[in-house]
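# next input, structure requested:
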Amino acid sequence: MAAKTYSAQHFVECDQCEENPAQYFCKNCPGQLCKECKTEHKNRKITKNHEITELNTKNEAFFGPLFCTDHKTKQIQCFCVHCKIPLCTECIIESHNGHAIQKLTKAYKEIQDDLQKKKEKIEEDLLPKYAMLLKTENLKQSDFSKQAQEIEKEIKAHTRQLVRIVKQVGKNATEDFQAKLHKGLQRIVDSEVEIQRKIEKLKQTKDLLSAKIETKPTVSSFEPVNERLLDEFEKLPVLPKYHFSKFQPGKIESMIEKNFGKLPILKIDTAKPNEGDSDIDSQEEEVEEEESDSEVPYNLRLVQESRRF
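The predicted structure is shown next:
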């Protein structure tokens, strides 16, 4: 029989053909069967009297047999609400007497519902939000680079008007500006990487939850889900805005070494998400370089260095 392909699907596999999704459960074997193998199972002489039931999480038969981890020969019968674990009759007598208990099907449904809610939270809320954040950062990087290019053109145009010594000042100033630009772009890249990391982690968490939801229950299926599983994703990161102050040309007739111009300052506006461009809730951060050991003014220092060439 040709193998069937079920691409991009998650299902409980038939234990007999190991190809098709299981739809039935044999209570005698036990084993999970697809529609074709169920027919074959009933037609065999040795298994024709086996009791086969539909594979359904609402059906009690779906939970058998599961054996107690403490009492290996005892099947689990119920779920302890207080301790959050499945129990056999021995467990109830020995250490859970008086505790509130639930039917396995009800406990399992509550766990599955919780997993489904977290999965939907990722799909419908967190992933779209993080995708939008990433898109915003991509656009921001382009705009920031364009602004930097325009400012760099102004710096170069101003530099061309000066003598050789002023050109050297312009060269050093451009390198200084590029360092600021690199620092700003690196902050954006770091932000994108962190957002992408959280997106990947959300997808992995979603896949794990999907696997738990769609896999045949075992004793481990009753382990409580970490209530803080999605805490690190609930609060979206505060993403700053990046821009430069305008390049301010100096007066050429003045002392060249003191009037090359005020270089742009890399400014990072930090605002809470979804609050727009409100100046009230935003904070502006100016990224400046560490002061040199020398007390010589920056522009004059560049002029002195250029005289060596």
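# what ranges does this protein have for its helices?
Taking DSSP state H as the criterion, the chain contains helices spanning 35-43, 89-95, 104-121, 127-159, 164-214, 231-234, 298-306.
# now distance to Lys246 and mean pLDDT too, for these, in TSV please.
Where you see a C-beta, it was placed from the backbone N, CA and C, and this is true even at glycine. Shown next, in TSV, are those (distance: least, CB to CB, whole Å; pLDDT from 0 to 100):
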stretch	distance to Lys246	mean pLDDT
helix 35-43	73	90
helix 89-95	74	87
helix 104-121	44	88
helix 127-159	7	89
helix 164-214	12	87
helix 231-234	39	87
helix 298-306	18	48
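# my guess is Thr218 meets Ile76, correct?
No - look at Thr218 against Ile76 with CB atoms under 8 Å: they stay out of range, at 10.5 Å.
# among those two, which residue is more densely surrounded?
More crowded of Thr218 and Ile76, by other CB atoms under 10 Å: Ile76, with 22 against 11.
# now the phi/psi pair for that one, please.
phi -70, psi 140 (degrees, to the nearest 10).
# pull the contacting residues for His82.
With contact set as CB atoms under 8 Å, 6 or more residues apart in numbering, His82 has these partners: His96, His99, Ala100.
# 6 Å instead?
Remark: with contacts taken as CB atoms under 6 Å, 6 or more residues apart in numbering, His82 is in contact with His99, Ala100.
# how far away is it from Pro224?
His82 sits 12 Å away from Pro224, going by CB to CB, to the nearest Å.
# where are the low-confidence patches of the stretch 201-309 of the chain?
The stretch 201-309 of the chain contains residues with pLDDT under 70 at 250-257, 259-260, 271-309.
# count the neighbours of the nearest residue to Thr218 once chain neighbours are set aside for me.
Nearest residue to Thr218, sequence neighbours excluded (CB to CB, 6 or more residues apart in numbering): Leu66, at 6.8 Å. Using other CB under 10 Å, Leu66 is surrounded by 18 other residues.
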